[in-house]
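In: quick one: sequence and predicted model below, then my questions.
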Amino acid sequence: MHAQHDRHRGWNPFWAALGAALLVLVPLVGGTVLLSRQQLRTQLRQAARSESGVPIQLPKTTDQLTVLLCVSGEQPGFVLAYLNASQNCVHLLSVPAVLTVPFAEEETSLARCYAAAGPARCREALAQVLALGEPDAAPAAPAAKPTAAKPARKARK
C-alpha cells in the first residue's frame, strides 16, 4: 500500500519530462510547418511571376498572312494557308499539283515549276495566279520546308 501512495504523490519524473518535451517540441514543429508552407507559397508566386513576364504579342485585326506549304517527294503536295486575325480563323486550301502557272516565259504545272525552281519560285508563280501579294525579301527555304509570303490583301477561298 505504501508503493501505491508514492505513485500518486507529486510529479513523476516521466510525466514531467514528457510535458517539458511537448512544451518545446509542439511549437517548434508547428512553427516549422507554418514557415515551410509560407515559403512554398512565396516560391510558387515568384515562379508564376517569372513566367508571366514572357511577352506574348496578340495578333491585331489587320494581321493577315498567306503561307504556301510545299511537300517534296515523288508526288509533291501543296497547301495554301491563309491566316486572318480579323476573322480569327485559318483557311487551308489544297492546291492541285497540276494547276497551270506561268514559269519561264510559258505555262507549266505547279509540280514542274516546283521541281525545276524550288519553293520560292513556285510561290511567285502561284502569286501571279491567285493574287497572294508580294513575297518576303527573306532567302528561299530548302525544298522540304514551307515558304512564307507577305500579308495578302484579299482572301480567296
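Out: Nice, thanks for sending it over. Numbers count the residues shown, from 1 in each chain.
In: show me what secondary structure element comes after the longest helix along the chain.
Out: In the chain, assigned by DSSP state H, the helix with the most residues is helix 13-52. Next along the chain after helix 13-52, taking DSSP states H and E as the criterion, comes strand 64-71.
In: what is that next one packed up against?
Out: Applying 3 or more CB pairs under 8 Å, 6 or more residues apart in numbering; DSSP states H and E, one finds that strand 64-71 contacts strand 77-84, helix 119-130, strand 147-148. Any C-beta I mention is one placed from the backbone N, CA and C, and that applies to glycine too.
In: ok, residue 92 - contacts?
Out: 79-82 (CB atoms under 8 Å, 6 or more residues apart in numbering).
In: what's opposite it in the beta bridge?
Out: Counting by DSSP bridges, residue 92 is bridged to residue 81.
In: report the separation between residue 62 and residue 87.
Out: 12 Å (CB to CB, to the nearest Å).
In: look at those two and report which has more neighbours.
Out: residue 87 (12 against 8; other CB atoms under 10 Å).
In: for the more buried one, phi and psi?
Out: Main-chain torsions, residue 87, degrees, to the nearest 10: phi -100, psi 0.
In: make residue 1 into 49 and carry on from there
Out: OK, 49 is where the count begins now, so the last one is residue 135.
In: what does the pLDDT read for it?
Out: What the model reports for residue 135 is a pLDDT of 79.
In: what of residue 91?
Out: 87.
In: how many neighbours does it have?
Out: Counted with other CB under 10 Å, residue 91 comes out at 10.
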